[in-house]
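got a sequence here, can you build the structure:
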Amino acid sequence: MVCTCEAYPFHHRMFGGSCNGITIVIASVGGVECQHCQLLNNGSCEVLEGIENPIECHYVADFIHQNEVKI
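Numbering: from 1, shown residues only. Prediction:
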């Protein structure tokens, strides 16, 4: 799957190298899945704080599963 996030200035393989799915987290933060997420600590997302890897986010995991992305 091709990604156009800001990890690289060109189209690239999703989840390759510096592309880690953070754009999915940023676009989804505050959504329904966040309400009961264990990565939400005192109202702050541990993924956005850099504590946890974006792949731990429910939205990223769902995206990977739905699009059959190979990591």
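
if you count neighbours, what's buried in the longest helix seen in the chain?
Looking across the chain with DSSP state H, the single longest helix is helix 58-66. Counting neighbours by 16 or more other Cβ atoms under 10 Å, one finds that the buried residues in helix 58-66 are 58, 59, 60, 63, 64. (C-beta placed from N, C-alpha, C; glycine too.)

give the rounded mean pLDDT of stretch 35-42.
Summarised as a single mean, pLDDT over stretch 35-42 is 93.

so what touches it?
34, 45, 46, 47, 52, 56, 57, 58 (Cβ atoms under 8 Å, 6 or more residues apart in numbering).

distance-wise, check the second one relative to residue 5.
For residue 45, the distance to residue 5 equals 17 Å [Cβ to Cβ, to the nearest Å].

same deal with the first one?
Relative to residue 5, residue 34 is positioned 20 Å away (Cβ to Cβ).

could you do residue 33 as well?
20 Å.

how long is stretch 9-20 from one end to the other?
15 Å (Cα to Cα, to the nearest Å).

typed the wrong thing, it's stretch 52-71
Taking Cα to Cα, the first and last residues of stretch 52-71 lie 17 Å apart.

any residues touching it, and which ones?
The contact list for stretch 52-71 (Cβ under 8 Å, 6+ apart) reads 1, 14-15, 20-22, 24-25, 28, 31, 33, 37, 39, 46-47.

filter these down to the ones in strands?
Nothing among the contacts of stretch 52-71 maps onto strands, per DSSP state E.

please pick the buried ones from those.
14, 15, 20, 21, 22, 24, 25, 28, 37, 39, 46, 47.

count the neighbours of the residue nearest to the second one when sequence neighbours are not counted for me.
Closest residue to residue 15 in three dimensions, ignoring its sequence neighbours and counting by Cβ to Cβ, 6 or more residues apart in numbering: residue 71, at 5.1 Å. Neighbourhood size, residue 71 [other Cβ atoms under 10 Å]: 8.

could you shift the numbering so residue one becomes 14, and keep it that way?
Will do, 14 is the new start, and the previous item becomes residue 84.
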